[in-house]
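Chemist: sequence and computational prediction follow.
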Amino acid sequence: MDFNFTEEQEMVRDGLSRLVREQYDWETRRGAVESDAGWRPEIWAQLAELGILGMPFSEEDGGFGGGAVDAMIVMEEFGKGLVVEPFLPTVVCAGGFLKHAGTDAQKEEHIGGIVDGSRVYAFAYAEPRGRYDLADLQTTAKKDGDGYVLNGHKAVVVGAPWASHLVVTARTSGGQRDRDGVSVFVVANDAKGVVRRDYPTVDGRRASEVYFENVSVPTDALIGEEGGALPLVEQVADEAVAALCAEACGAMKVAHAMTVDYSRQRKQFGVPIGKFQVLQHRMVDMFTEYEQSVSMTYLATLKLDAPEKERKRTASAAKVRIGQAARFVGQEAIQIHGGMGMTDELAIGSYFKRLTILNSEFGDVDHHMKRHIKLA
Amino acid sequence: MDFNFTEEQEMVRDGLSRLVREQYDWETRRGAVESDAGWRPEIWAQLAELGILGMPFSEEDGGFGGGAVDAMIVMEEFGKGLVVEPFLPTVVCAGGFLKHAGTDAQKEEHIGGIVDGSRVYAFAYAEPRGRYDLADLQTTAKKDGDGYVLNGHKAVVVGAPWASHLVVTARTSGGQRDRDGVSVFVVANDAKGVVRRDYPTVDGRRASEVYFENVSVPTDALIGEEGGALPLVEQVADEAVAALCAEACGAMKVAHAMTVDYSRQRKQFGVPIGKFQVLQHRMVDMFTEYEQSVSMTYLATLKLDAPEKERKRTASAAKVRIGQAARFVGQEAIQIHGGMGMTDELAIGSYFKRLTILNSEFGDVDHHMKRHIKLA
Amino acid sequence: MNLEFTAEELAFRDEVRSFIEENYPKHLGDAGMREDMSPEDMVAWHKILGEKGWSVPSWPEQYGGTGWTPTQRYIWLEENARVNAFMPLPFGVSMVGPVIYTFGSEEQKERHLPGIRSGDVWWCQGYSEPGAGSDLASLKTTAVRDGDHYVINGQKTWTTLAQYADWGFFLCRTDPDAAKPQEGISFILIDMKTPGVEVRPIKLIDGGYEVNETWLTDVRVPVENLVGEENKGWTYAKFLLAHERSGIAGVARSKRAVEKLREIAGKELLDGEPLIEDLDFARKVSQLEIDLAALEITELRTLAGEQAGKGPGPESSILKIKGTEIQQRLTELTLEAVGNYGAPMYGQIEDAGSNQYPIGPDYAQHSAATYFNMRKTSIYGGSNEIQRNIITKMILGL
Amino acid sequence: MNLEFTAEELAFRDEVRSFIEENYPKHLGDAGMREDMSPEDMVAWHKILGEKGWSVPSWPEQYGGTGWTPTQRYIWLEENARVNAFMPLPFGVSMVGPVIYTFGSEEQKERHLPGIRSGDVWWCQGYSEPGAGSDLASLKTTAVRDGDHYVINGQKTWTTLAQYADWGFFLCRTDPDAAKPQEGISFILIDMKTPGVEVRPIKLIDGGYEVNETWLTDVRVPVENLVGEENKGWTYAKFLLAHERSGIAGVARSKRAVEKLREIAGKELLDGEPLIEDLDFARKVSQLEIDLAALEITELRTLAGEQAGKGPGPESSILKIKGTEIQQRLTELTLEAVGNYGAPMYGQIEDAGSNQYPIGPDYAQHSAATYFNMRKTSIYGGSNEIQRNIITKMILGL
């Protein structure tokens, strides 16, 4: 039993922490978020330089031999700074598919570009009527000669406007919610027939509705087994869940610290509001929620390689616990900030919004609670 | 729209309030509860004298022409004093069956004894494996010549040790949980084959496991329609729910007042604990819960004669809301009383215990929430 | 004891209902829930009501009130909520109007009440100051007498919709040496076009601009704009805060919103079934409905008390706490219901004018913005913590 | 970073597991959950552990400790919880023992430590006084020096299981004129058979008698029973409160209790199906399991910190708050699960000796009493409100 990071991990964390502190203050972030691009490719290049983008890949695949704990460290620091650059879809999701199921040729083609920052990915899994069910797919991929033809509509694909490639789940057989028949493809974002409608999200990122209109892809666009990829999708989604939990921890930590700090400075009736016992105890409860979230994030991260049922159940437990914590911490942070918390002039609102939306990504509390129950 | 009581109702309330204040202080109650009998027949006689036991019956049936609002008033005052005498099973339940479905002969036989206090009833509806489902009956009543033969086991029949008669639900046909086939009988508590095991309950009352071992009853023991009595049972159970809600309001009111009072006297760190903001706000929340409970009790009571679906939905809504309030008020009352609240030396513990058990009588929060949902 | 309306009340309800059906502007649609109304839309119904004589029901009849009983006013709100009408803004009708007809001069009444009734004059409120929050008495804006004018300097914040306002009512400190912070404050009406008044919108976390900061720099205001006595403004301010309690709980609106939530949850799917049939979600909706039913009866009990001549007491703090909790929960469940489509920032998308493809269902639009926006309700109007302090003092006596 | 045990730790676990399997008294059964144990039952396992040398694992080895790492101690608790063992009472082992070996004289160590280790001497705690609650420093019991004795007068309360105690440790005021309430307090050991010591059981709301009031009337205690320095008792008291943190969260016990709850909910029926398959009930159980998993890792992180030499800090207040919340919730859900059979007062029924018919299923017995009893956990040991005050000061720095 060991809860320490390795020396390398501590170094990565320190480096990232410095980057966020020095280049990702909230005003700068806001400028980038409101710019036309909506993100900063130069930050992405720096992440590549620092080796962050290659960290979780094995050395033979061109990475630095890290794993889930490293992704957790990265995501927690990103959460602290509300970093919008698409580490999760690119490294955790696309990277995850490639690591677990990519052929040598696929690894060769994609991983290098991820590691050096030249390729950016988005993960197109959700559909308009599918809620959080990864198998609820109306997007189809029909075998056609040497390849497949994709048709369908993917909802709220985070990072798609920035992506060079999309990882797409589609149905090669079976009924709309069958566990069998799910396949995964990687598609160039500028492929013929890929139609996007891009938009900003309330938590400062960019996303798209993505329509596949007779998009032809070659056979080697298929990652993993044709029609048998649901377990793979679930594995990657659980890895994404663990990463989101880490991001939430980072955001909660800062939101809590900002709130305590604000309560020290802000006076009402001649007294700093941090002297009111009701607010003190609520800030204690925020801290407790944060600490429990860190614990659950550790647990979910360390169980990502456990047997399937244990992995799933732990990931869902973490998403439930962090979802509840994120809701409480976010709402209380605004309440304790009072009117100022409602304005776009303080950073706290951005933390609240990210904590809100994060809560529904890859399944909300109810979704994961049901999954936890089913796996009892 | 009118939330006032009539002059008569105010008088009844004042009279009861005086009785509870003068003869039902907590020490005296404890003495009675711990006595062999477990209740005070002399209080019962006084209630008869005051006309309380006859209040909800029509004048032609020998009563005083009151209704559900009157029962509410009585139960709220009883809640304040934690009165254990069996008004609910006798007047609300048995009385309810007779009012709604009794033949003239049945009314003649039973109501007089209720009104003058000579007869006491218990309502044997729950079964060991039936939880809160009124139709989940393994007790059977088989047609036998001119009457019926009852067999079965009724669970936690409150007031049975004190009762002269039992009102019993039994199945005359159908499967274990069918809506059809439910019948209601009134049986003398000393009839041959009625076997009881009596015991005290944690909230200061007496109850029994009642076994029916080939108990023969005549045809006129049947109240209401043979095999079609479930709607009648549901009506009476909803009336009992409204009465329990009123009792809970009375108990919550006193528990809250005791807690506020205690917080004024009890000092810690040299300050009355009622000066600590965290406890103040919690006592505010207790008060709010109480006020919302009063509102829901009014609503449920006033809707007892509404169309079936509206009546059921409102009764369930009230039981949910009061159940949640009773839990919160009871737990917080103990917590704010601290160690003293844990002892049997203060009355508050008795209020907590009654509020706890009341919560499961005639269905707990989950049961009524599901019923509310189904009736949406 | 009964919950029924009298025959007269039922007749009144029918009258109100048909009036609304015939007159409520069709183009406003579901206006009571929209985040993006034009200022013209916001006063459209007010102006129609002004002509009908129903724009200020709770005022004394001599000033244009309707003389309705509290029950009739309740029915009035209910019927408006049925079509989700956008009600007249409170700043004139419920706030400054009552102060003027109670404490103002005859001249002030003649000058200001007609415009409030008709909806022609838009008012805003200058109470809060930066850093003061619920602690109104700590205000710093000064009004210094200079001949027959006050010269006003200071900064106000959270002045809701001040960007459209013709007039504002402001609390200003006229005696800086008063013994207590509540003393030495005056209640002054300011024409928002006076030189030195500057309004700057504050962007809120939902992306909207419904509140402002208002700078007052050497603003010269005629002394006849002082309401009541100099240095007694705190009395009028408290009167104003306590005055318009009916509707504080927002019951009628929330009831409509629950219906809307049920509709949405009937369209969203979970495992291919309507979300509303999912026990988890249904439970949350039922809980809301139950809490709302309790709140409604609590409000009716308060109304009945008023009808019997008891003024609304500190119990209205309960209405505020529970009412806002329910409103917030409603928006939260709506956001939850729409799933992934809570994330898009719809406001900005519409600005772009694109309509090539829809983004999610109509009802998902602004669900996140509305949720974010409604966090304000437990902060403003005396935060819910302050309401609990009030109950602690006034009801528990601690 | 990993959660695995080392090979040594796994071997240790196996050793512990077989020792427990072979030696834990069969007749105690599910003792860790029973409400009605005899005093002999309560020390039975302690005595066996004393012989094995495992009764005081966390003590320094020179005084009989095992030298186990925090992880080993965690494994030890886990394994005991597997059979739901009734662990040695804390008053000697975790409370007075560490005070004696840290601050006591050599003579005190020789005299008292062996009896604590072996389980032969039963200790009780005389900290709280009537009306003082979590405010220990306000104590009024006095110890006045008279030759080579202290004469002690006062009243203690909540002295758990004092009715069986041989010895007690008491906080007494030796300097009534001390500047601060925490000063002038001494830590004194009292033989409970000394004349003037009177113990009266307090009946609790669950019907049981686990705590007492203890009257001390002119109790003469030899001065050599003073631990450490006179007037420095507050230091030792704080040391005691902070010392034994491991296990404060009760994780191992709660894990076992969740299993038990699942069993019960598997037997109870709702609509003819096992209650555990009901989504509402299953959700509550899952929530408990999830909260418990989070708490367990939090405890392990604290343990790991201890292993790395960091003393347990104010984070242990989190363990106390969450641990007791979970324990209380567990008993509440058990009561909920058993439905109507929560009502019977089983304790009193058994007294009657009747066994003609059973009353409800075995597992329903005492479910209400246990729920009532466990309300104490958020009150004692520094109420959960006090714990939040501690975190406010020590971690938030407010």
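Modeler: Arrived safely, thanks for sending.
Chemist: from the chain's centre, how far out does stretch C:17-33 sit?
Modeler: 19 Å (Cα atoms, centre = their mean, to the nearest Å).
Chemist: contacts for stretch C:188-197, please.
Modeler: C:96, C:108, C:112, C:124, C:126, C:143, C:150, C:152, C:162, C:165-172, C:199, C:214-221, C:225-227, C:233 (Cβ atoms under 8 Å, 6 or more residues apart in numbering or on different chains). All C-beta spots, glycine's among them, are computed from the backbone N, C-alpha and C.
Chemist: repeat for stretch C:174-182
Modeler: With Cβ under 8 Å, 6+ apart as the criterion, stretch C:174-182 contacts C:137-138, C:142-145, C:150, C:183-186, C:230-231, C:233-234.
Chemist: dump the residue contacts of the closest residue to chain A within the stretch 1-150 of chain C.
Modeler: Using Cβ to the nearest Cβ, C:Asp135 is the residue of the stretch 1-150 of chain C that sits closest to chain A, at 4.5 Å. Contact analysis of C:Asp135 by Cβ under 8 Å, 6+ apart lists A:268-269.
Chemist: ok, now how distant is it from chain D?
Modeler: Computed as Cβ to the nearest Cβ, to the nearest Å, the C:Asp135 to chain D distance reads 19 Å.
Chemist: now A:Gly250: which helix or strand?
Modeler: In the assignment (DSSP states H and E), A:Gly250 maps to helix A:230-265.
Chemist: B:Ser35 versus the residue in the stretch 251-376 of chain A that chain D sits nearest to, what's the distance?
Modeler: As assessed by Cβ to the nearest Cβ, chain D sits closest to A:Ser295 within the stretch 251-376 of chain A, at 3.5 Å. According to Cβ to Cβ, to the nearest Å, A:Ser295 stands 53 Å off from B:Ser35.
Chemist: of these two, who's got more company?
Modeler: Neighbour count, other Cβ atoms under 10 Å in any protein chain shown: between A:Ser295 and B:Ser35, A:Ser295 has more, with 23 against 10.
Chemist: mind checking pLDDT for C:Tyr74?
Modeler: pLDDT recorded at C:Tyr74 is 89.
Chemist: where does it sit: helix, strand or coil?
Modeler: Counting by DSSP: H, G, I helix; E, B strand; the rest coil, the backbone at C:Tyr74 sits in helix.
Chemist: thinking again about what came up before, show me which pair in the contacts of stretch C:174-182 is furthest apart.
Modeler: Spatially, the most separated pair among the contacts of stretch C:174-182 is C:Ser138 and C:Arg145, at 22.1 Å (Cβ to Cβ).
Chemist: the bottom helix or strand of the chain by mean pLDDT?
Modeler: I'll assume chain A. strand A:267-268 (a mean of 90; mean pLDDT, DSSP states H and E).
Chemist: ah, I was thinking of chain C
Modeler: helix C:346-352 (a mean of 69).
Chemist: what's the first helix or strand after that helix?
Modeler: Downstream of helix C:346-352 (by DSSP H and E), the next one is helix C:367-374.
Chemist: just the CA atoms of that next one, as CSV, please.
Modeler: Output of helix C:367-374 as CSV, limited to C-alpha atoms (Å, rounded to 0.1, in the frame of the first residue of the first chain):
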residue,chain,number,x,y,z
SER,C,367,-31.2,25.0,-19.2
ALA,C,368,-27.7,25.5,-17.9
ALA,C,369,-27.9,29.3,-18.1
THR,C,370,-31.2,29.2,-16.1
TYR,C,371,-29.7,26.9,-13.5
PHE,C,372,-26.7,29.2,-13.1
ASN,C,373,-28.9,32.3,-13.0
MET,C,374,-31.2,30.9,-10.4
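Chemist: can you tell me if that helix touches chain A.
Modeler: Yes. Helix C:367-374 is in contact with chain A by Cβ under 8 Å from any Cβ of the partner chain, via C:368-369, C:371-372.
Chemist: JSON lines for the residues you listed, including neighbour count and distance to D:Val43?
Modeler: As requested, the residues of helix C:367-374 next to chain A are exported to JSON lines (neighbours: other Cβ atoms under 10 Å in any protein chain shown; distance: Cβ to Cβ, whole Å):
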{"residue": "C:Ala368", "neighbour count": "29", "distance to D:Val43": "61"}
{"residue": "C:Ala369", "neighbour count": "24", "distance to D:Val43": "65"}
{"residue": "C:Tyr371", "neighbour count": "23", "distance to D:Val43": "58"}
{"residue": "C:Phe372", "neighbour count": "24", "distance to D:Val43": "60"}
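Chemist: tell me the one of those nearest B:Glu225?
Modeler: The closest of those, once distances to B:Glu225 are taken by Cβ to Cβ, is C:Tyr371, at 51.6 Å.
Chemist: ok, that closest one - contacts?
Modeler: Contacts of C:Tyr371 (Cβ under 8 Å, 6+ apart): A:356, C:328, C:331-332, C:334-335, C:342.
Chemist: please repeat the previous calculation with a cut-off of 7 Å.
Modeler: C:331-332, C:335 (Cβ atoms under 7 Å, 6 or more residues apart in numbering or on different chains).
Chemist: from the contacts of stretch C:174-182, which would you call buried?
Modeler: By neighbour count, with 16 or more other Cβ atoms under 10 Å in any protein chain shown, those hold C:138, C:142-143, C:150, C:183-186, C:230-231, C:233-234 as buried.
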